[in-house]
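Undergrad: sequence-free structure coming up:
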């Protein structure tokens, strides 16, 4: 039965089940709608936020921040990762520092980012770019440092120079790890986006959740939390689809 | 090809290779002499750990020498070069390129036009029996077909010496026999010098004109067999001479202490 429904049918069914459970829980006697708003209440809040334009403007602002931060972090991560993996000098000089920075959570950086870049967009972009950079750097570094020796041997004995060895052998051989790093980076971009918006922001999904807390609007919180979940899952699915084509030779 | 100056002469003189082991350096190859005449077909056979791949790697320029010298056409080997082609046991095809892309990788240094390069790659694939399969990715090909692509790729770089490191070790018996036939046909047209590493006695006897038998601890050549006229051998197939060679090599391999890695 579960098999017959197929992959497409299973997901909506599971989600519908979750919504039913939520509905049931919110209808239990003694459950205050301020603590757990029912699905219709949240749907009403959703329609309201959609109608007055708040939702779309928050979405645009947050996605814009994530896109800019992700782009900066991803480009730097790939470049620095290739450098630390393939040039001994840069590798020895930079890798230990990056290993030390890696465990610092993005949230811990927000206060410093505000001091450095102010309360505006700069600090958000910095926090996102920073977390994305470290994830992408790690994936790229790992991939480019572990290129199979036979690929290098084959390339050299076929007469390829250093440039061709780098662009036609090292980079594609590292590509599956680079793509995995980018996927991780995209997920982290969302985390640090919300972290940056929860403090010192006046717009965006994270700010809206924080604002809703002050007015005890749990229905608004729910709308934005669900929005984050749907957004993250959709982006990840798109990412997987693109990377399947990009590194088609790698079984994922 | 009737080159005025025969090319592809390989000469190893007291070539020695050591690896860093856990307890100091390990002698992987004792000082070894080896001469490959231009256009000859030589097999190296021995148990694992006898240094047969190490010797091949030294000629390929992959493994630095601890002593002695290796030259190809009188030029010392300093590193990998397109003059010395290598076919690996695990194919080493680039999975991100198509079969044709893999062959074109070897052609890029020749500075051909895009069309000429593509045409040459198709030709090379046709020579190994893969006409029309140029668009397939290595992941879509069987082991035998992968090794055909690898052979076409290596030959496309126009090597004077062809080194083959147990290239058919992962193939089933039937595919392997077909590959033997293909390799001999290609060798008879290109006449590159071939050094073929194997641990299969019959493979060595079917393919080579000369077989060096190696032993372990330290890796070294213990005996060399000249197999005689190829045409006569082809007619006789498994005749008394073949069996005599076979028995001799088996005896040598039995007496050699087994290698510790496999």
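TA: Looks like it came in fine. For clarity, every value in this text was computed on a predicted model and none was experimentally measured. Numbering: from 1, shown residues only, chains lettered A, B, ... in the order given.

Undergrad: please count neighbours and contacts with C-alpha atoms only from this point.
TA: Fine.

Undergrad: and the residue nearest to residue A:250 when sequence neighbours are not counted, how far from residue B:51?
TA: The shortest distance from residue A:250 to any non-neighbouring residue, by Cα to Cα, 6 or more residues apart in numbering or on different chains, is to residue A:176 (6.8 Å). Distance, residue A:176 to residue B:51, by Cα to Cα, to the nearest Å: 34 Å.

Undergrad: what parts of chain A come near chain B?
TA: Counting by Cα under 8 Å from any Cα of the partner chain, the residues of chain A lying close to chain B are A:150-151, A:153-154, A:156-160, A:169, A:172-173, A:247-249.

Undergrad: which ones are touching the closest residue to residue B:98 other than its chain neighbours?
TA: With sequence-adjacent residues excluded and distances taken as Cα to Cα, 6+ apart, residue B:98 is closest to residue B:137, at 4.3 Å. For residue B:137, the contacting residues are A:249, B:95-99, by Cα atoms under 8 Å, 6 or more residues apart in numbering or on different chains.

Undergrad: can I get the residues you listed in CSV including pLDDT, neighbour count and secondary structure?
TA: Formatted as CSV, the contacts of residue B:137 follow (pLDDT from 0 to 100; neighbours: other Cα atoms under 10 Å in any protein chain shown; DSSP: H, G, I helix; E, B strand; the rest coil):
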residue, pLDDT, neighbour count, secondary structure
A:249, 88, 17, coil
B:95, 96, 20, coil
B:96, 96, 21, coil
B:97, 96, 20, coil
B:98, 96, 20, coil
B:99, 96, 31, helix
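
Undergrad: and residue B:27, helix, strand or coil?
TA: strand (DSSP: H, G, I helix; E, B strand; the rest coil).

Undergrad: rewinding a little: closest to residue B:39 among the contacts of residue B:137?
TA: residue B:99 (27.4 Å; Cα to Cα).

Undergrad: sec struct for residue B:81, please.
TA: Following three-state DSSP, residue B:81 is assigned to coil.

Undergrad: got a list of what the nearest residue to it once chain neighbours are set aside touches?
TA: Among residues not flanking residue B:81 along the chain, residue A:157 sits closest, at 4.8 Å (Cα to Cα, 6+ apart). Listed by Cα under 8 Å, 6+ apart, the contact set of residue A:157 reads B:60, B:80-86.

Undergrad: so which of residue A:176 and residue B:51 has more stuff around it?
TA: residue B:51 (26 against 23; other Cα atoms under 10 Å in any protein chain shown).

Undergrad: ok, the more buried one - contacts?
TA: Residue B:51 touches B:28-29, B:214, B:216, B:219-220, counting by Cα under 8 Å, 6+ apart.

Undergrad: which residue packs closest to it, ignoring adjacent ones?
TA: Residue B:51 sits nearest to residue B:219 (Cα to Cα, 6+ apart), 4.8 Å away.

Undergrad: so the one you found makes contact with residue B:31?
TA: No. With contacts counted by Cα atoms under 8 Å, residue B:219 stays clear of residue B:31, the gap being 9.0 Å.

Undergrad: more neighbours: these two, which one.
TA: Per other Cα under 10 Å, whichever of residue B:219 and residue B:31 has more neighbours is residue B:219, with 25 against 21.

Undergrad: please tell me how far the more buried one sits from residue B:53.
TA: 10 Å.

Undergrad: tell me the centre residue of the chain?
TA: No chain specified, so I'll use chain A. Taking Cα atoms, centre = their mean, the centroid of chain A lies closest to residue A:187, which sits 2.1 Å from it.

Undergrad: the chain in question should be chain B.
TA: Taking Cα atoms, centre = their mean, chain B has its central residue at residue B:164, 1.8 Å away.

Undergrad: report all helices and strands that whichever strand or helix holds it contacts.
TA: For residue B:164, the host element (DSSP states H and E) is strand B:161-165. When contacts are defined as 3 or more Cα pairs under 8 Å, 6 or more residues apart in numbering or on different chains; DSSP states H and E, strand B:161-165 packs onto helix B:52-60, strand B:84-87, strand B:193-198.

Undergrad: export those to TSV and tack on mean neighbour count and mean pLDDT?
TA: Shown next, in TSV, are the helices and strands packed on strand B:161-165 (neighbours: other Cα atoms under 10 Å in any protein chain shown; pLDDT from 0 to 100):
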stretch	mean neighbour count	mean pLDDT
helix B:52-60	25	93
strand B:84-87	29	96
strand B:193-198	25	96
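
Undergrad: which parts of chain B are helices?
TA: Ranges of helices in chain B, per DSSP state H, are B:52-60, B:99-107, B:114-127, B:143-156, B:173-190, B:201-207, B:230-236, B:240-255.

Undergrad: can you flag the weakest of those by average pLDDT?
TA: Across those, the stretch with the lowest average pLDDT is helix B:230-236; it has a mean of 73.

Undergrad: who in the stretch 151-262 of chain B is up against chain A?
TA: B:154, B:157.

Undergrad: what residue in the stretch 151-262 of chain B comes nearest to chain A?
TA: residue B:157 (6.1 Å; Cα to the nearest Cα).

Undergrad: tell me the contacts of that residue?
TA: A:158-159, B:82-83, B:85, B:106-107.

Undergrad: contacts only, for residue A:158.
TA: By Cα under 8 Å, 6+ apart, the neighbours of residue A:158 are B:81-82, B:85, B:105-106, B:154, B:157.
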